[in-house]
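Colleague: Whatever this is, show me its structure:
(one chain, ligands or ions: 2)
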Amino acid sequence: MNQIRIAPSILAWDLGDLERAVEISVQGRADQVHLDVIDGHFAPNITFGPGTVKALRRRCDLKFDTHLMIDQPDLYVDKFLDAGSDLLTFHAEVLDGKSFDGLHRKVASKGKEVGLALKPRTELPHWASDRLDKISTLVVMTVNPGFSGQSMDMSVMPKLAQVNELLKDKGLSTDNEVDGGVEPENVREVVARGGNVLVAGAGVYAKKDPVGAISTLRRMAEEARRGSR
Ligand code: DX5
Ligand code: ZN
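Modeller: Ligands and ions are numbered 1, 2, ... in the order given. This is a model prediction of the structure:
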């Protein structure tokens with residue numbers, strides 16, 4: 001069973017002080033930093049690009065989990081690789097088997113990992129189920145992409161359980177990341193369905209003690225896992 005990993009999403013912090021956001025992740029012993037890149041086309045917000053990722057890379061050694069909510073990832077994949085992303089997550093909605101293979105080739109040639117994300121209403125496409133061995137992280141979104149601070153859409157839980165069954169059946173050790181509205185109150189539900197990488201924006205950065213919030217989420221997730229065994 002894959003270990004629990006906590007991935008604070010810096011989108012929920014003051015965007016004028018992202019240096020402090022990554023520092024909080026380091027101090028709270030997060031496993032990876034989740035970087036939400038949005039282009040104003042794929043989702044209704046514009047966040048930051050490779051320049052920001054590169055600047056943060058100089059300030060932090062944690063794994064960089066870059067979530068590309070953009071329409072044309074092929075135009076930017078090299079820039080995010082050069083900027084120092086370790087895991088590049090692409091959205092299934094803008095890809096097909098052929099374009100995925102092209103992106104995978106580029107990322108793998110740099111020794112980095114590929115993630116695949118699904119919006120709340122998107123099912124895992126056939127081309128993707130045939131390529132699960134190339135995906136290190138399957139990201140199940142539990143809010144519509146765009147903004148931090150939305151509440152988790154619990155109607156996505158059956159899909160989360162389903163993709164986990166599928167990965168288990170195939171004998172794969174793919175990480176299962178849950179992104180959107182993760183809070184101490186729903187960690188149990190998510191972990192019980194096989195989620196092991198917990199993205200938390202508001203669940204970390206909107207708390208009074210964001211450093212402590214990272215350990216709280218980890219403790220709750222680990223307890224939930226022991227309880228669900
Ligand atoms: C939504 C992003 C999420 C989000 C997480 O577009 O992909 O990563 O910022 O923030 P919370 O945990 O506040 O929903
Ligand atoms: Zn995200």
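Colleague: Please enumerate the strands of this protein.
Modeller: 5-8, 32-38, 63-69, 87-91, 113-118, 137-141, 175-179, 197-200 (DSSP state E).
Colleague: I'd like the distance between residue 119 and ligand 2.
Modeller: Going from residue 119 to ligand 2 by Cβ to the ion, to the nearest Å gives 11 Å. The way it works is simple: take the backbone N, C-alpha and C, and place the C-beta from them, glycine included.
Colleague: related to what we said a few turns ago, let me have the strands of the chain in JSON lines, adding mean neighbour count, mean pLDDT and distance to residue 107 as columns.
Modeller: Listed next are these as JSON lines, based on neighbours: other Cβ atoms under 10 Å; pLDDT from 0 to 100; distance: least, Cβ to Cβ, whole Å:
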{"stretch": "strand 5-8", "mean neighbour count": "26", "mean pLDDT": "98", "distance to residue 107": "18"}
{"stretch": "strand 32-38", "mean neighbour count": "25", "mean pLDDT": "98", "distance to residue 107": "15"}
{"stretch": "strand 63-69", "mean neighbour count": "24", "mean pLDDT": "99", "distance to residue 107": "11"}
{"stretch": "strand 87-91", "mean neighbour count": "25", "mean pLDDT": "99", "distance to residue 107": "5"}
{"stretch": "strand 113-118", "mean neighbour count": "22", "mean pLDDT": "99", "distance to residue 107": "5"}
{"stretch": "strand 137-141", "mean neighbour count": "25", "mean pLDDT": "99", "distance to residue 107": "12"}
{"stretch": "strand 175-179", "mean neighbour count": "25", "mean pLDDT": "98", "distance to residue 107": "15"}
{"stretch": "strand 197-200", "mean neighbour count": "28", "mean pLDDT": "98", "distance to residue 107": "18"}
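Colleague: C-alpha coordinates for stretch 27-34, PDB please?
Modeller: Below are the C-alpha coordinates for stretch 27-34, written out as PDB (Å, rounded to 0.1, in the frame of the first residue of the first chain):
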ATOM      1  CA  GLN A  27       8.500  23.300   8.200                       C
ATOM      2  CA  GLY A  28       5.400  21.100   8.300                       C
ATOM      3  CA  ARG A  29       7.300  18.200   6.700                       C
ATOM      4  CA  ALA A  30       5.000  18.000   3.700                       C
ATOM      5  CA  ASP A  31       5.900  15.300   1.200                       C
ATOM      6  CA  GLN A  32       5.500  17.500  -1.900                       C
ATOM      7  CA  VAL A  33       4.400  21.000  -2.800                       C
ATOM      8  CA  HIS A  34       1.300  21.200  -5.100                       C
END
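Colleague: if we can go back for a sec, could I get the strands of the chain in a markdown table, plus columns for distance to residue 104?
Modeller: Shown next, in a markdown table, are these (distance: least, Cβ to Cβ, whole Å):
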| stretch | distance to residue 104 |
| --- | --- |
| strand 5-8 | 21 |
| strand 32-38 | 18 |
| strand 63-69 | 14 |
| strand 87-91 | 9 |
| strand 113-118 | 5 |
| strand 137-141 | 13 |
| strand 175-179 | 16 |
| strand 197-200 | 19 |
